[in-house]
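>>> The following block contains a protein sequence and its predicted model.
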Amino acid sequence: MATKQGQGAESVKGVEGLRCYQLALELFKAAYKLVAAMPDYEKYNMASQLRRAALSAVLNIAEGYGRYHYLDKLRFFYMARGSLTETRSAFTTAHIAGYTTMEQRDWAHSTEAEAQRSLNGYIAFIRRQHQGQEEFGAKVLRPDR
């Protein structure tokens with residue numbers, strides 16, 4: 001699908017066009033692959049936590065993207081940053097427990113770092129836009145005294 005003149009690729013692809021979202025999905029897929037190889041006794045402990053953290057990163061990026069007011073968007077993107085960091089830590093602990101190789105752990109760390117950089121860049125872009133400020137956020141809510 002060709003983009004209209006003056007529109008960026010993001011407006012055509014939606015959230016799927018965001019690099020941070022794509023990287024979070026890669027971490028999500030790797031997390032679920034790792035969890036499938038874990039022993040049954042990890043089902044309700046490490047495996048559950050890793051799945052939830054990886055899913056939370058993806059879903060918070062998507063939810064933030066879908067919000068209108070820039071402050072609302074930022075709130076979800078900040079939660080996604082925390083979930084990305086939690087996912088990275090889960091890969092670290094999985095490595096310490098012997099469930100991943102050093103290469104797998106290093107891939108997860110570098111992918112998470114790239115996702116963080118991309119998300120931070122997108123956060124900076126959203127902060128500059130101030131979308132929705134006029135409708136929902138630029139007026140004083142209390143009367144002047």
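Structure's in. What do you need? Numbers count the residues shown, from 1 in each chain.
>>> where does this structure dip in pLDDT?
Scanning the chain for pLDDT under 70 picks out the ranges 1-12, 135-145.
>>> Return the distance of the helix or strand containing Glu114 from the chain's centre.
Assigned by DSSP states H and E, Glu114 belongs to helix 102-129. Remark: helix 102-129 is offset 8 Å from the chain centroid, using Cα atoms, centre = their mean, to the nearest Å.
>>> I'd like to know how far Arg67 sits from Gln49.
Arg67 sits 26 Å away from Gln49, going by Cβ to Cβ, to the nearest Å. To be clear about C-beta, it is placed using only N, CA and C from the backbone, and glycine gets the same treatment.
>>> typo on my end, Ile61
Distance of Ile61 to Gln49, computed by Cβ to Cβ: 19 Å.
>>> what do you get for Arg88?
Arg88 sits 13 Å away from Gln49, going by Cβ to Cβ.
>>> Kindly report the same for His130.
Taken as Cβ to Cβ, the span from His130 to Gln49 is 36 Å.
>>> And Lys29, by the same measure?
Remark: distance between Lys29 and Gln49 (Cβ to Cβ) = 17 Å.
>>> More neighbours: which of the two?
Neighbour count, other Cβ atoms under 10 Å: between Lys29 and Gln49, Gln49 has more, with 19 against 12.
>>> helix or strand for that one, which one?
For Gln49, the host element (DSSP H and E) is helix 46-66.
>>> what's the answer for Val35, then?
Taking DSSP H and E as the criterion, Val35 maps to helix 19-37.
>>> for that helix, packing partners?
helix 46-66, helix 70-96, helix 102-129 (3 or more Cβ pairs under 8 Å, 6 or more residues apart in numbering; DSSP states H and E).
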